[in-house]
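1. Fold the following and give me the result.
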Amino acid sequence: MQSRKSSAAEGTTNCASGRTAVTPAGSTGGKRGQSGQSGQSGITQLALDWHTGFVGLLAGVDEAGRGPLAGPVVAAAVILDDEQPIAGLADSKVLTEKTRERLFDEIRAKALCCAIAEATVEEIDRLNILGATLLAMRRAVEGLRLKPGRVLVDGNRLPTLSVPAEAVVGGDATVQAISAASILAKVHRDRLCLELHARHPHYGFATHKGYATAEHLAALRRHGACVAHRRSFSPVRDVLDAEAA
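-> Numbers count the residues shown, from 1 in each chain. Got it, this is the predicted structure:
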């Protein structure tokens, strides 16, 4: 694969080159979700015409980290290479950590191109988690070295894109390009949580990955919120309110 740095989007890791530019700020199966909807900027998203043939590159998109109380939300976009199939692609949630790590490297090596993007904790608190997730997805698609002719996104909501797109409910289990994106996003975010754990070991980020486990909630009450916590999420906000009272 060619080694080029993407300049299309901020907050993006271009998998083809492995270079990072993060700023502070297959199959088409599966149940189809919304299309032709209005995105964050009020621009109507282009919908796919499923009744006509289509020739072009297909990108799959998925996210990781909507539910945790801390850390960025991550999205990935992947255009697979039909001539270099990847065995074992599936929803990242059903794969073991060891398998995800192996597939992460294989996807980066064999995909035509891929990109990983983030929306920061500050953006999550400012936009809300849905808006920040759609922002990360848009950044991932814009960070691709090659422009896709169509985009399939896991779930039932779409970011605003300049190319036709369709939401696919359960796509991470039925569309290989989305499965690949889910693996990239999950592994990338898990690695970010290990970095958070190194900086804030008393919260246990390496174990719970920021989710609201009993261990995490107890540490949050004991130590208060750190800079990585999402102030707009109620368990964090409750702790901050209690400290201010």
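2. give the contact list for H229.
-> 69-70, 121, 220, 236 (C-beta atoms under 8 Å, 6 or more residues apart in numbering). Using the backbone N, CA and C atoms, a C-beta is placed for each residue, glycine as well.
3. all helices for the protein, in order.
-> 97-110, 121-127, 129-142, 171-174, 176-199, 205-208, 214-223, 234-244 (DSSP state H).
4. Which positions within the longest one qualify as buried?
-> Buried residues in helix 176-199, counting neighbours by 16 or more other C-beta atoms under 10 Å, are found at 176-190, 192-193, 196-197.
5. what do you get for the first one?
-> The neighbour-count check on helix 97-110 (16+ other C-beta under 10 Å) flags 100, 103-104, 106-108, 110 as buried.
6. wait, which of those is closest to R230?
-> Proximity of these to R230 (C-beta to C-beta) peaks at R100, which lies at 24.0 Å.
7. surely the closest one meets S92?
-> Yes - in this structure R100 lies within contact range of S92 using C-beta atoms under 8 Å: 5.7 Å.
8. which residues are common contacts for the two?
-> With C-beta under 8 Å, 6+ apart, R100 and S92 have common neighbours 183, 186-187.
9. about what we covered before: who wins for proximity to V74 among the helices of the chain?
-> Closest among the helices of the chain, once you apply C-beta to C-beta, is helix 176-199, at 4.3 Å.
10. Only C-alpha atoms, please: export that closest one in PDB.
-> This file holds the C-alpha atoms of helix 176-199, laid out as PDB (Å, rounded to 0.1, in the frame of the first residue of the first chain):
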ATOM      1  CA  GLN A 176     -17.100  -7.000   6.300                       C
ATOM      2  CA  ALA A 177     -15.900  -3.400   5.800                       C
ATOM      3  CA  ILE A 178     -17.900  -2.300   8.900                       C
ATOM      4  CA  SER A 179     -16.600  -5.200  10.900                       C
ATOM      5  CA  ALA A 180     -13.100  -4.200  10.000                       C
ATOM      6  CA  ALA A 181     -13.900  -0.600  11.000                       C
ATOM      7  CA  SER A 182     -15.300  -1.800  14.300                       C
ATOM      8  CA  ILE A 183     -12.000  -3.700  15.000                       C
ATOM      9  CA  LEU A 184      -9.800  -0.700  14.300                       C
ATOM     10  CA  ALA A 185     -11.900   1.600  16.400                       C
ATOM     11  CA  LYS A 186     -12.100  -0.800  19.300                       C
ATOM     12  CA  VAL A 187      -8.400  -1.600  19.400                       C
ATOM     13  CA  HIS A 188      -7.400   2.000  19.000                       C
ATOM     14  CA  ARG A 189      -9.600   3.100  21.800                       C
ATOM     15  CA  ASP A 190      -8.500   0.300  24.100                       C
ATOM     16  CA  ARG A 191      -4.900   1.400  23.600                       C
ATOM     17  CA  LEU A 192      -5.900   4.900  24.500                       C
ATOM     18  CA  CYS A 193      -7.300   3.600  27.700                       C
ATOM     19  CA  LEU A 194      -4.000   1.900  28.500                       C
ATOM     20  CA  GLU A 195      -2.400   5.300  28.100                       C
ATOM     21  CA  LEU A 196      -5.000   6.900  30.400                       C
ATOM     22  CA  HIS A 197      -4.300   4.100  33.000                       C
ATOM     23  CA  ALA A 198      -0.600   5.000  32.900                       C
ATOM     24  CA  ARG A 199      -1.400   8.600  33.700                       C
END
